[in-house]
Each structure stands twice: as C-alpha cells, then as structure tokens.
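A.B. asks: give the three-dimensional model of this entry:
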Amino acid sequence: MDKSKRSFLKSKRSFRRRLPPIQSGDRIDYRNMSLISRFISEQGKILSRRVNRLTLKQQRLITVAIKQARILSLLPFLNNEKQTESTARTTGLRNRNK
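C.D. replies: Down below sits the predicted model:
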C-alpha cells in the first residue's frame, strides 16, 4: 500500500469515554453550590459549553443558576483577588500621572 493511501485510513485508537459532568440525579439549582462551582473559572467567568462538555439545555440551566446565585450574593461577580490587583495597578498609574 502506498504512503498516500495509508494517511486516509483511520487508526483504531482506543479511548476512554469521559463521564458526563452532570449525573442524572444532580439537580441544577442556584442553591447547589458544589455543582455550580465546577462550571466557573478561577476568574469567576462561566465556562463555555465546549469546555464543560454539557448539552445545550444543561448549559442554559447552569448559566441561569449561576446568574441567580450571583444576584442573591451566593457567588461573587468577580474573583476578589484579581479585582484587587487590577485596582492597585490603576490607582498607582493615576497617582503617578498627577
């Protein structure tokens, strides 16, 4: 067989199927902080559906639950550590320019 024909053949690699991030018994709710915190980055951003490996319906429910938790002050809108660093830099620049 030619080398050119070999590249078109798919290799039979074995792969381990990943478990879904949300089990059938898990309830997507703003009070379920252990579940919600898995879908938020360190900066406090909602992770994308592709990263989370969620269905469209699950991603919508997670997004709504995260927003409800933020409004009820169960979750911060931003991570405080990143916020303090950025404000320290900007205040330093303001003082230097005066």
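
A.B. asks: count the neighbours of the nearest residue to residue 29 once chain neighbours are set aside for me.
C.D. replies: If you skip the residues right next to it in sequence, residue 29 has residue 65 as its closest partner in space, 6.0 Å away by CB to CB, 6 or more residues apart in numbering. To be clear about C-beta, it is placed using only N, CA and C from the backbone, and glycine gets the same treatment. Neighbour count of residue 65, defined by other CB atoms under 10 Å: 22.

A.B. asks: got the contact list for residue 26?
C.D. replies: Residue 26 makes contact with 32, 35 under the criterion CB atoms under 8 Å, 6 or more residues apart in numbering.

A.B. asks: ok, and residue 57, which helix or strand is that part of?
C.D. replies: Residue 57 is part of helix 56-71, with elements assigned from DSSP states H and E.

A.B. asks: ignore the last one, residue 19
C.D. replies: With DSSP H and E as the test, residue 19 turns up in no helix or strand.

A.B. asks: dump the residue contacts of the residue nearest to residue 29.
C.D. replies: 28, 29, 30, 32, 36.

A.B. asks: which of those residues are buried?
C.D. replies: Buried subset of these (neighbour count, 16 or more other CB atoms under 10 Å): 28, 30, 36.

A.B. asks: and which of the contacts of residue 65 is nearest to residue 57?
C.D. replies: residue 28 (9.6 Å; CB to CB).

A.B. asks: kindly list the main-chain dihedrals of that closest one?
C.D. replies: phi -80, psi 110 (degrees, to the nearest 10).

A.B. asks: surely it meets residue 35?
C.D. replies: Yes - counting by CB atoms under 8 Å, a contact exists between residue 28 and residue 35, whose distance comes to 6.8 Å.

A.B. asks: which neighbours do those two have in common?
C.D. replies: Residues touching both residue 28 and residue 35 by CB under 8 Å, 6+ apart: residue 22.

A.B. asks: only alpha carbons, please: show the helix holding residue 57 as CSV.
C.D. replies: Output of helix 56-71 as CSV, limited to C-alpha atoms (Å, rounded to 0.1, in the frame of the first residue of the first chain):
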residue,chain,number,x,y,z
LEU,A,56,-27.3,22.9,25.2
LYS,A,57,-30.2,22.6,27.7
GLN,A,58,-27.8,21.8,30.6
GLN,A,59,-25.6,24.8,29.7
ARG,A,60,-28.6,27.1,29.7
LEU,A,61,-29.8,25.8,33.1
ILE,A,62,-26.2,26.2,34.6
THR,A,63,-26.0,29.7,33.3
VAL,A,64,-29.3,30.7,34.7
ALA,A,65,-28.4,29.1,38.1
ILE,A,66,-25.1,30.9,38.2
LYS,A,67,-26.7,34.3,37.4
GLN,A,68,-29.3,33.7,40.1
ALA,A,69,-26.6,32.8,42.7
ARG,A,70,-24.7,36.0,41.8
ILE,A,71,-27.8,38.1,42.2
